[in-house]
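**Q** Take this sequence and fold it.
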Amino acid sequence: MVNPREEPDERNPSRAEQWALTHSRAEDIVSCSGIPASSLIYYERADYQRAHIDDLHSRPTDSQPMNDSLSRRQLLASTLAASAATALTQFSSVKAAETSQAKPKFACFTKSFQDWSIPEVCQRFKAIGLDGLDLTVRKNGHINPDKQNVHQELKQAARAASDAGLEILFLTTDITEPDARAEEVLAAAEAIGVRRIKLGYYKYTGFGNLKQQMDRVKLKLNSVGQLCARYNVLPCVHIHSGTSIPSDGFMLYELLRDFDPSHIGAYVDSLHMTLEGGKDGWRQGLDLLAPWIELCSIKNFQFKSKGRDKQGQLEWNDFNCPVADGITPMPRFMEVMKALNFSGTYSMHSEYKGGGSFKDLSTEECLVQTDIDLKFMRSII
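**A** The predicted structure follows:
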């Protein structure tokens, strides 16, 4: 589906329009082949589309054993496609109901401010010029769905934000499954008009079968996405370095390439994409993910030596640092985001507490550093 933030240009179609065009061509192929549209998961490349149609034509009969890799691919495709028509229609309403923003908004991740009440957070965020909150609604979050009435707490939070002249721009959740707890959070989000959430994390559980693990994550994303669609909420998948799935932009692209951008969104990250992407991998990842990007985390990092291992290899740890002081080239990163016409939400992460930070700051000091980071970001946007 075409992202409403991008103006159509027939001479130079956006990536979202190219994505939609590819799907339209795939529908033509399906129509000519006689295959039911519900049996096809669309791929961006025509050779993948035709190859997949060939796969569908060559499905074995009951008397023919299925090739393992073919079986997995068909199972994944048929499972994802089974409810695609209904789900994608519902997901499209999330964006169709919105008007395009003239410019991005800045939220702040509330993790480092959870010892302040939400009304105090709102007042303090407003004072430094933020537009809203990236509110933690998860285990050990500002709102804990396991211990609190999430409907009541989110209504109070929305009122506090409105009173301060702010918005709850999105929720950071730990949702990974379409269970009753997730549904309660989504219903509460819909009730206060929050249209985007960050999902929880899927973990890489061991070497040797990453493809199969990613296929399982795709299925989970599809089922979570269907639940989110019922509540007009767009689930966004965050890139996190290390043993997360996805750990970089290329992996997230592989997870999302079969989904309409109105089904699942991408939550990109200036720190984690550079930590895994090196000199230019972060930029290439953004290029691939362009149609799906809805949220962007702002943070930066440096390295420090932790000594040598028993073989004599010097080892390094990464740590969070002020946005203008780290390895991610933030002016270049923002130039790419502007080139993509990004008009979503930037979240200042301000994770400056504990051993993973350049200093273990107090909550008050975190706010001071957030103010410095925000001023820098507004100067380069």
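
**Q** can you pull out the strands in this protein?
**A** Counting by DSSP state E, residue ranges of the strands within the chain are 105-109, 132-136, 167-172, 196-198, 202-203, 234-238, 244-245, 265-269, 293-298, 300-308, 314-321, 345-348.

**Q** Give me the spatial nearest neighbour of Ala157, chain neighbours excluded.
**A** Ile118 (4.8 Å; CB to CB, 6 or more residues apart in numbering). Backbone N, C-alpha and C define where each C-beta goes, glycine included.

**Q** Neighbours of that neighbour, how many?
**A** For Ile118, the neighbour count with other CB atoms under 10 Å is 24.

**Q** quick one: it from Leu210, how far?
**A** Distance, Ile118 to Leu210, using CB to CB, to the nearest Å: 39 Å.

**Q** Kindly report the same for Gln313.
**A** From Gln313 across to Leu210, the span is 25 Å (CB to CB).

**Q** the more surrounded of those two?
**A** Using other CB under 10 Å, the more surrounded residue of Gln313 and Leu210 is Leu210, with 13 against 8.

**Q** most neighbours per residue, which of the strands of the chain?
**A** For the strands of the chain, the largest average neighbour count (mean count of other CB atoms under 10 Å) is found in strand 265-269, namely a mean of 28.

**Q** quick one: average confidence on that strand?
**A** If you average the pLDDT over strand 265-269, you get 98.

**Q** can you check stretch 114-124 too?
**A** 98.

**Q** Okay, the nearest residue to Arg124 once chain neighbours are set aside and Thr328: tell me how far apart.
**A** Among residues not flanking Arg124 along the chain, Leu367 sits closest, at 5.8 Å (CB to CB, 6+ apart). Using CB to CB, Leu367 is found at 22 Å from Thr328.

**Q** which residues of the stretch 51-200 of the chain score low on pLDDT?
**A** Across the stretch 51-200 of the chain, the ranges flagged by pLDDT under 70 are 51-102.

**Q** What are the boundaries of the helices in it?
**A** Secondary structure of the stretch 51-200 of the chain by DSSP state H, counting those that start in this stretch: the helices cover 68-82, 84-96, 118-127, 150-163, 180-191.

**Q** For the strands of the chain, could you give me TSV that also reports distance to Ile381?
**A** Formatted as TSV, the entries for these read as follows, by distance: least, CB to CB, whole Å:
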stretch	distance to Ile381
strand 105-109	9
strand 132-136	16
strand 167-172	16
strand 196-198	20
strand 202-203	31
strand 234-238	20
strand 244-245	27
strand 265-269	15
strand 293-298	10
strand 300-308	15
strand 314-321	20
strand 345-348	8
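
**Q** Among those, single out whichever gets nearest to Arg378.
**A** With CB to CB as the criterion, Arg378 lies closest to strand 105-109 of the strands of the chain, at 7.7 Å.

**Q** about what we covered before: what's the burial count for the residue nearest to Arg124?
**A** Leu367: 22 surrounding residues under other CB under 10 Å.

**Q** Against Glu315, how distant is the nearest residue to Asn317 once chain neighbours are set aside?
**A** Distances taken as CB to CB, 6+ apart put Lys306 closest to Asn317, at 5.0 Å, once the chain neighbours are dropped. Going from Lys306 to Glu315 by CB to CB gives 5 Å.

**Q** same question, Ser112
**A** Taking CB to CB, one finds Ser112 at 27 Å from Glu315.

**Q** Please name the residues that touch Val150.
**A** Neighbour list for Val150: Val137, Ile143, Glu184, Val185, Ala188 [criterion: CB atoms under 8 Å, 6 or more residues apart in numbering].

**Q** State the pair within those that is farthest apart.
**A** Ile143 and Glu184 (11.4 Å).

**Q** Which of those two has more residues huddled nearby?
**A** Ile143 (24 against 14).

**Q** Pretty sure that one sits against Leu135.
**A** Yes - counting by CB atoms under 8 Å, Leu135 is a contact partner of Ile143 at 7.1 Å.

**Q** Mutual contacts of those two, please.
**A** Ala157.

**Q** Between the two ends of stretch 244-255, what distance do you get?
**A** 13 Å (CA to CA, to the nearest Å).

**Q** Tell me how far that stretch lies from the chain's centre.
**A** 10 Å (CA atoms, centre = their mean, to the nearest Å).

**Q** now the longest helix along the chain: mean pLDDT?
**A** Ranked by residue count under DSSP state H, the longest helix found in the chain is helix 210-230. Regarding helix 210-230, the rounded mean pLDDT is 97.

**Q** Report all helices and strands that it contacts.
**A** Helix 210-230 sits against helix 68-82, helix 84-96, helix 180-191, strand 234-238, strand 244-245, helix 249-256, with contacts defined as 3 or more CB pairs under 8 Å, 6 or more residues apart in numbering; DSSP states H and E.

**Q** which parts of it are buried?
**A** Residues 213-215, 217-218, 221-229 are the ones in helix 210-230 that count as buried (16 or more other CB atoms under 10 Å).

**Q** Pull the most distant pair out of these.
**A** Applying CB to CB across these, the maximum distance is between Gln213 and Ala229, 24.7 Å.

**Q** dump the residue contacts of Asp318.
**A** Leu275, Phe301, Gln302, Phe303.

**Q** Kindly reformat these as TSV and extend each row with distance to Val268.
**A** What follows is the contacts of Asp318, written out as TSV (distance: CB to CB, whole Å):
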residue	distance to Val268
Leu275	13
Phe301	15
Gln302	20
Phe303	22
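
**Q** Looking at those residues, spot the one nearest Val336.
**A** Checking the contacts of Asp318 against Val336 with CB to CB, the nearest one is Leu275 at 16.7 Å.

**Q** end-to-end on stretch 188-198?
**A** Using CA to CA, the two ends of stretch 188-198 sit 15 Å apart.

**Q** ok, and what's touching it?
**A** Contacts for stretch 188-198 (CB under 8 Å, 6+ apart): 94, 98, 134, 137, 150-151, 154-155, 157-158, 168-173, 175, 185-186, 228, 231-236, 238, 265, 267, 294-295, 345.
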